[in-house]
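K.L.:
predicted coordinates and the sequence they were generated for:
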Amino acid sequence: MVDSFDHIVIGGGSAGCVAASRLVEDGGARVLLLEAGHHHRHPLLDMPPGVFKLLKNGSKFFKTHQSVPQEHLKGRRADIPQGNVLGGGSSVNGQAYVRGRPADYDEWHEILRGNNDAIGWDWDQVLPHFKRLEGNQKFNDDLHGADGKLVVSDPGYIDDMARWFVQALQAQGEPFNPDFNGKTQRGAGFFQFTYNKGQRVSAAYAFIEPLMKDPRLTLRLEAQVQRILIENNRAVGVVYTDKTGTHEVRTEGEIVLSAGALMTPKILMLSGLGPADHLAEHGIDVVQDLPGVGQNLKDHPDVSVVARANGPYGYWKQDRGWNMIRNGLEFKLFGRGRITTTGLEAACFVNPTDPEAPPTHEAYCIPVLYLDDETLKKVGDGYGVSIQMVLLKPHSVGEVRLASANPADMPLVNPNFLKDPRDMEAMRVGLRYFHKTLQTRPLADKVAEIVAPLDLSDEGLTEHCKRMVKTNYHPVGTAKMGADGDPMAVLDARMRVRGITGLRVCDMSAVPEIPAGNTNAPAMMLGDRCADLVMGVL
Ligand SMILES: Cc1cc2nc3c(=O)[nH]c(=O)nc-3n(C[C@H](O)[C@H](O)[C@H](O)COP(=O)(O)OP(=O)(O)OC[C@H]3O[C@@H](n4cnc5c(N)ncnc54)[C@H](O)[C@@H]3O)c2cc1C
């Protein structure tokens, strides 16, 4: 076994797996990848809908953060599950392949202007990285790659409810969009997914599995990094624990921190890199005062409009009894059917107040009654359809703080959902819009009654949001890249921790602003760029 390493990657998630694999394959480096979670091979992770069973029932493959009480959600704590498995979020997510829109990256570029040796982050600079990773089964053009390891494909099955949803939005005036990663984001259509013939394509499967026997990659699972060792302002190693005890490992190369937007700031702070006053509260010696660590947390809030169906449509009971056996057999024998889809085939990106302006809301069609257990008990389970609506550019900003100096303690996460009144207003606007979708044919013909929200007054919708808003699982921004002169910038534009050599952050903590879309593909793009930066080719 290799016992000295050129580089150490902390966290084998969406970004970390890409970075580690490219450093090995293209850089020829000996890399140690330390992942706190478990092995990624499990039947319920592999099959697209399986993960929802794990999410509902709890599983070792998730580490669930309970936020601090949310002031604007009636003091509720919001559960924020994150992947606790090789592949990170990409091993447990809904697999929708969405990059956001070019303006997201142009916005980053503007924010990052002013660094001396800045690299560009605008769309033209990031697109080649998306394309290099992408193995699209349908598109091969200026905007898509077909040869990458990340297989991206159409849903293997589309439920009728999903088609009716798309048609209802078209009747509401939205264009059909054949590709949300194409020329325009606007419209209704069907997602593409990171799966291949009913088999999840996570960062673990796509990028790490092919290297499992490569002696240059050393993978340690269930290895919990506690802190980074810094000597004379240089990152020189890490301390981690596993079943056998506590270990110290050193490198003369670089350390790439990819523990995700909620854990990366914790590891930075435990290493003495963070807001000096907060570190002092916990008796941690300050190595570098970085007030931005843990700040700037953004996440996409979501909430649903829910209706009961007037017939046996959608996915209710498809995972039980005879249905389950039939679906399982169809998948095993012919490789098709409901098991080849996550169940969220249809989606839309819309701007309810100004259809021609950039979309403000993304929504998924979920062909079941998607409600919390308590409400479901009240209204009674059955066939249904839910439109889960996501605010693409929330204004509310939260933070991640340390609960203590003990690495075993979870950090305190405060997403501050709906703190900014503009977010609450956008939620109300969206809820009214999608309420109408459910009353628009052909969807309207299949709806027996809308069960939530019922009161469309400002007060009624505010109440609905306070009870129901949750994370769409996209926390970002807690160790942001920023321009020289921004006191809250944790990283420079080359993803280097300011004031420290040999240490980069490579995950969704690094982004200065939340993208207007799902975050798995952007995380992988960051991994690809970070590898180029470490190798000195960018
Ligand atoms: C339930 C769910 C559904 C989602 N659905 C979608 C979707 O459909 N489409 C989409 O685009 N995005 C989706 N996302 C979001 C997307 O998957 C994430 O934004 C993305 O995976 C984040 O990548 P990352 O590299 O920043 O962090 P992660 O992938 O979270 O990687 C961080 C890794 O670091 C490890 N780690 C943490 N602490 C330590 C430590 N101390 N030591 C060592 N390792 C550590 C973790 O175990 C994890 O593997 C979803 C996320 C979730 C949770």
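P.N.:
Perfect, thanks for sending it. Residues are numbered from 1 along each chain as shown.

K.L.:
and stretch 371-379, how far from the chain's centre?
P.N.:
How far stretch 371-379 lies from its chain's middle: 26 Å, per CA atoms, centre = their mean, to the nearest Å.

K.L.:
quick check: buried residues in it?
P.N.:
371, 376 (16 or more other CB atoms under 10 Å). No exception for glycine: its C-beta is placed from N, CA and C like everyone else's.

K.L.:
residues touching the residue lying closest to Leu221 once chain neighbours are set aside, list them.
P.N.:
Using CB to CB, 6 or more residues apart in numbering and skipping the chain neighbours, the partner closest in space to Leu221 is Glu35 (5.3 Å). Contact analysis of Glu35 by CB atoms under 8 Å, 6 or more residues apart in numbering lists 11-13, 16, 85-86, 219-223.

K.L.:
tell me the one of these nearest Ile267?
P.N.:
Closest approach between these and Ile267, by CB to CB: Gly11, at 8.7 Å.

K.L.:
quick one: name the residues of the stretch 1-150 of the chain near the ligand.
P.N.:
Contact residues, the stretch 1-150 of the chain versus the ligand (CB under 6 Å from any ligand atom): 10-16, 34-37, 55, 81-84, 88-90, 92-96, 98.

K.L.:
so which of those residues sit within helices?
P.N.:
14-16, 55, 89-90, 92 (DSSP state H).

K.L.:
most neighbours of all those, which one?
P.N.:
In terms of neighbours by other CB atoms under 10 Å, these top out with Ala15 at 37 neighbours.

K.L.:
hang on, it packs against Ala521?
P.N.:
No. Ala15 is beyond contact range of Ala521, at 10.8 Å (criterion: CB atoms under 8 Å).

K.L.:
so can I have a markdown table of the ones in helices among the residues of the stretch 1-150 of the chain next to the ligand showing distance to Pro359?
P.N.:
Shown next, in a markdown table, are these (distance: CB to CB, whole Å):
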| residue | distance to Pro359 |
| --- | --- |
| Ser14 | 23 |
| Ala15 | 25 |
| Gly16 | 30 |
| Leu55 | 26 |
| Gly89 | 23 |
| Ser90 | 24 |
| Val92 | 26 |
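
K.L.:
where is pLDDT lowest across those residues?
P.N.:
Least confident by pLDDT among these: that is Leu55, with 89.

K.L.:
now the longest helix seen in the chain: buried residues?
P.N.:
As assigned by DSSP H, the longest helix anywhere in the chain is helix 421-438. Neighbour-count burial for helix 421-438 flags 423-424, 426-431, 433-435, 437-438 (criterion: 16+ other CB under 10 Å).

K.L.:
check the residues you listed and tell me the two furthest apart.
P.N.:
Farthest pair in the buried residues of helix 421-438, by CB to CB: Asp423 and Leu438, 22.7 Å.

K.L.:
ok, which stretches of the stretch 51-200 of the chain are strands?
P.N.:
For the stretch 51-200 of the chain, the strands defined by DSSP state E, counting those that start in this stretch cover 62-66, 79-83, 134-136, 150-152, 187-190, 195-196, 199-200.

K.L.:
closest to Gly294 out of the ones you listed?
P.N.:
strand 62-66 (13.0 Å).

K.L.:
so that closest one versus strand 79-83, what angle?
P.N.:
150 degrees (axes from the mean of the first three to the mean of the last three CA atoms, to 10 degrees).

K.L.:
report the strands that pair with strand 62-66, each with its relative direction.
P.N.:
The strands beside strand 62-66 in its sheet (DSSP bridges) come out as strand 79-83 (antiparallel).

K.L.:
what does the partner strand rub up against?
P.N.:
13, 37, 55, 61-67, 88-93, 260, 262-263, 299, 413, 415, 470-471, 473, 475.

K.L.:
follow-up on the earlier one: using CSV, write down the CA coordinates of the longest helix of the chain.
P.N.:
What follows is helix 421-438, C-alpha atoms only, in CSV (Å, rounded to 0.1, in the frame of the first residue of the first chain):
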residue,chain,number,x,y,z
PRO,A,421,-39.3,39.2,3.1
ARG,A,422,-38.7,39.1,-0.6
ASP,A,423,-38.4,35.3,-0.3
MET,A,424,-41.7,34.9,1.4
GLU,A,425,-43.3,37.1,-1.2
ALA,A,426,-41.8,35.0,-4.0
MET,A,427,-43.1,31.9,-2.4
ARG,A,428,-46.6,33.3,-2.3
VAL,A,429,-46.4,34.3,-5.9
GLY,A,430,-45.2,30.8,-6.9
LEU,A,431,-47.8,29.0,-4.8
ARG,A,432,-50.6,30.9,-6.6
TYR,A,433,-49.1,30.2,-10.0
PHE,A,434,-48.8,26.5,-9.4
HIS,A,435,-52.2,26.4,-7.8
LYS,A,436,-53.5,27.5,-11.2
THR,A,437,-51.4,24.8,-12.9
LEU,A,438,-53.4,22.2,-11.0
